[in-house]
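[1] okay, here's the prediction I keep looking at, along with the sequence it came from:
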Amino acid sequence: MWNTIVHTLRDEFSDLTDPEQFTRVVSRLVLAVALGACLGYEREQKGSTAGLRTHMLVALGVALPVVAATQSGFAPEDVSRVLQGILAGIGFLGAGAIIKQSENENVKGLTTAASIWATAAIAVAAGLGREATAILATVIAVAILSLLLRLEQRAIPRSSKDGDSH
């Protein structure tokens with residue numbers, strides 16, 4: 001009986017069978033989390049409610065099923081369905097970051113919702129092994145969030161903005 005239990009447990013925990021596969025999974029997941037941290041740190045600095053930890057968890061939560069699906073040998077069309085479900089679900093998380101306080105006030109949180117969605121897309125790229133693409137997209141997203149905000153603040157008077165500094 002114990003032999004059966006040990007054998008079954010060994011089979012259950014054998015999804016990372018060699019150092020190459022282990023390295024691939026770890027690097028994809030860690031990269032997704034690190035890139036999510038870049039966007040989350042920027043949001044945290046701006047006082048957003050969805051900051052560093054939220055973006056890191058979104059990145060991990062998106063990259064994990066992508067990595068698991070590809071490592072499990074899913075056909076491309078099946079991986080596509082996984083991605084569709086993930087990206088649709090992320091929209092609900094982003095919607096939670098959007099607040100409209102009253103009929104007369106502006107909508108807040110659109111930029112944060114967009115950064116959550118961008119984090120998910122970046123994590124998909126990392127999870128699929130498109131590391132350079134994920135890094136490039138992160139650099140562009142951070143530039144949009146930080147550099148363009150400064151230009152926007154100089155160019156557009158505060159009263160005419162959409163009110164989303166977070």
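    All right, it came through fine.

[2] lowest-pLDDT helix or strand in the chain?
    Lowest by mean pLDDT, DSSP states H and E among the helices and strands of the chain is strand 99-100, with a mean of 64.

[3] can you list the strands that the helix or strand immediately after that strand in the chain pairs with?
    Per DSSP states H and E, the first helix or strand lying C-terminal to strand 99-100 is strand 107-108. As defined by DSSP bridges, the strand partners of strand 107-108 come to strand 99-100 (antiparallel).

[4] specify the helix with the largest residue count in the chain.
    helix 19-45 (DSSP state H).

[5] show me what the helix or strand residue 122 falls within is packed against.
    Per DSSP H and E: residue 122 is located in helix 110-127. Under the contact definition 3 or more C-beta pairs under 8 Å, 6 or more residues apart in numbering; DSSP states H and E, helix 110-127 sits against helix 19-45, helix 52-71, helix 76-96, helix 131-142. (Glycine included, C-beta is placed from N, CA and C.)

[6] which positions in the shortest one come out as buried?
    Read that as helix 131-142. 134-135, 137-138, 141-142 (16 or more other C-beta atoms under 10 Å).

[7] what do you get for the longest one?
    Judged by neighbour count using 16+ other C-beta under 10 Å, the buried positions of helix 19-45 are 24-25, 28-29, 31-33, 35-40, 42-44.

[8] now do the second one
    Applying a neighbour-count criterion of 16+ other C-beta under 10 Å, the buried positions in helix 52-71 are 52, 54-56, 58-67, 69-70.

[9] what's the offset of it from the middle of its chain?
    7 Å (C-alpha atoms, centre = their mean, to the nearest Å).

[10] kindly export it (C-alpha atoms) in CSV.
    Output in CSV follows, covering the C-alpha atoms of helix 52-71 (Å, rounded to 0.1, in the frame of the first residue of the first chain):
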residue,chain,number,x,y,z
LEU,A,52,2.6,46.7,-6.3
ARG,A,53,1.2,43.5,-4.8
THR,A,54,-2.0,43.6,-6.9
HIS,A,55,-0.1,43.9,-10.1
MET,A,56,2.4,41.2,-9.1
LEU,A,57,-0.5,38.8,-8.2
VAL,A,58,-2.3,39.6,-11.4
ALA,A,59,0.9,38.8,-13.4
LEU,A,60,1.4,35.5,-11.5
GLY,A,61,-2.3,34.6,-11.8
VAL,A,62,-2.3,35.2,-15.5
ALA,A,63,1.1,33.6,-16.3
LEU,A,64,0.5,30.5,-14.3
PRO,A,65,-2.4,29.0,-16.4
VAL,A,66,-0.6,30.1,-19.6
VAL,A,67,2.6,28.3,-18.5
ALA,A,68,0.6,25.3,-17.2
ALA,A,69,-1.4,25.0,-20.4
THR,A,70,1.7,25.2,-22.7
GLN,A,71,3.7,22.8,-20.5
